[in-house]
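Asker: pasting the sequence and the predicted coordinates here, then a few questions.
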Amino acid sequence: MTRNVLILGASYGSLLATRLLMAGHSVTLVCTRGTADLIARDGTRVAFPVRGVEGLVEVDSRRLPGSLSAATPEGVDPAAYDLIVLGMQEAQYGSPGVRELMARIAGSCRPCLAIMNMPPLPYLERIGARDVALDTAALTHSYTDASVWRGFDPSLVTLASPDPQAFRPADRAKNVLQVGLPTNFKAARFESEEHTALLRELEADIDGSRLMHEGREIEIPVRLKVHESLFVPLAKWPMLIAGNYRCIRAGGMIPIREAVHGNLRESRDVYDWVAGLCIRLGADPTDLVPFDKYATAASSLGKPSSAARALAAGAKQIERVDSLVLSIAGQYGRHSTVLAQTVALVDERLQANRAERVEEAVAA
């Protein structure tokens, strides 16, 4: 059965879109007018490293069995889709046009799969409903605009850990994405069997898809894996805190590899501390990734994290998983000096970026 999937975000979202298109499904990407026109004309390109193939394999959406379209937020009717994927950065959901679309999505009662580092508040409400005394109302300060999540039914929102690492090459157009680390999207089930069955259907379709490349069929990495545990996506939190946010330094930024391996003992301590918090919330240790496995993967990550790059470029908002994790830990009397220092540094850098923008506006 061909499914209609709406994906908010044409950058990272194009990665999952490509795998769905390979499986024959119909995908609409929500993006800006310029990017929508570009995709309508040229489609998307996602370059994958593939085992046994020299160089990167660039997958052109126009040559896939599924159908791809792109639209701006105001032109989208969420009720026309079987599944809605939230693939934007957290700060983008409050932007003009997207905010109104989010309200329509909430009203459509369609199942939503977030592929975000920052978990949607309704997803955290699902965790808070499991007798863990998680006060989600006290976490809103970590979100750019928590009001965009009002009206969402928590039972219709789930999360996939966005483990695949991808970036837009600086010398390519906005319809091009390059995968650096081709791991899987690990999704938690929905509350209902019906919506979980939809995820499993897509999982099977993606698993069965192949790409014809140079006269032979090859398997493309990056799959959707559906888990019964609500806590599997939280496995990304220790990675983000031990690696991604520790790329941010007072004098600039460093690669993830250096953030992790520059002080391996401290990295392990921070990683295990966050993993312990996830277990306190209800995760089983088997839901999480052992530190040694993560450290091995991090050794190949030679670029700073997207959060670090955004701060260095003058961003006034970034996803604040660091702040969120510290706030959740505080509700259980847990504290990490290293994480608290990271949060303070990110706060300081954001304040400096905002002040600089104000000064530029006044000068103009």
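Answerer: Happy to help now that I have it. Keep in mind that this is a model prediction, so the values were computed, not measured.

Asker: separation between the spatially most central residue of the chain and residue 176?
Answerer: Nearest to the mean C-alpha position of the chain, by C-alpha atoms, centre = their mean, lies residue 116 at 2.6 Å. For residue 116, the distance to residue 176 equals 22 Å [C-beta to C-beta, to the nearest Å]. (Glycine included, C-beta is placed from N, CA and C.)

Asker: residue 342 now?
Answerer: 32 Å.

Asker: again with residue 316
Answerer: Taking C-beta to C-beta, one finds residue 316 at 26 Å from residue 176.

Asker: flag the shaky bits of the stretch 151-300 of the chain, pLDDT-wise.
Answerer: Counting by pLDDT under 70, the stretch 151-300 of the chain contains no low-confidence range.

Asker: those helices in it, which residues are they?
Answerer: 193-208, 236-239, 256-261, 264-281, 291-298 (DSSP state H, counting those that start in this stretch).

Asker: give me the pLDDT value at the residue lying closest to residue 331 once chain neighbours are set aside.
Answerer: Nearest residue to residue 331, sequence neighbours excluded (C-beta to C-beta, 6 or more residues apart in numbering): residue 135, at 6.0 Å. At residue 135, the pLDDT value in this model is 94.

Asker: also the one 5 residues further on?
Answerer: On the pLDDT scale, residue 140 is placed at 97.

Asker: that one against residue 125, yeah?
Answerer: No - assessed by C-beta atoms under 8 Å, residue 140 is found out of contact with residue 125, at 11.8 Å.

Asker: who has more neighbours, those two?
Answerer: residue 125 (18 against 13; other C-beta atoms under 10 Å).

Asker: tell me the secondary structure for the more buried one?
Answerer: helix (DSSP: H, G, I helix; E, B strand; the rest coil).

Asker: hmm, it is touching residue 154, no?
Answerer: Yes - using C-beta under 8 Å, residue 125 makes contact with residue 154 at a distance of 4.3 Å.

Asker: the longest helix along the chain packs against which elements?
Answerer: If you go by DSSP state H, the chain has its longest helix at helix 337-363. Under the contact definition 3 or more C-beta pairs under 8 Å, 6 or more residues apart in numbering; DSSP states H and E, helix 337-363 sits against strand 248-249, helix 264-281, helix 306-312, helix 321-331.

Asker: partners of the shortest one, with directions?
Answerer: Within its sheet, strand 248-249 is paired with strand 252-253 (antiparallel), according to DSSP bridges.

Asker: what's the spacing between the strand it pairs with and its chain's center?
Answerer: 22 Å (C-alpha atoms, centre = their mean, to the nearest Å).

Asker: what does stretch 280-299 give?
Answerer: Using C-alpha atoms, centre = their mean, the offset of stretch 280-299 from its chain centre is 17 Å.

Asker: mind listing what's buried in that stretch?
Answerer: 281, 282, 283, 287, 288, 289, 291, 294, 295, 297, 298 (16 or more other C-beta atoms under 10 Å).

Asker: pull the residues that contact it.
Answerer: The contact list for stretch 280-299 (C-beta atoms under 8 Å, 6 or more residues apart in numbering) reads 127, 130, 132, 134, 181, 183, 227, 229-232, 234-235, 238-239, 242-243, 256-257, 259-261, 264, 267-268, 271-272, 275, 278-279, 328, 332, 334.
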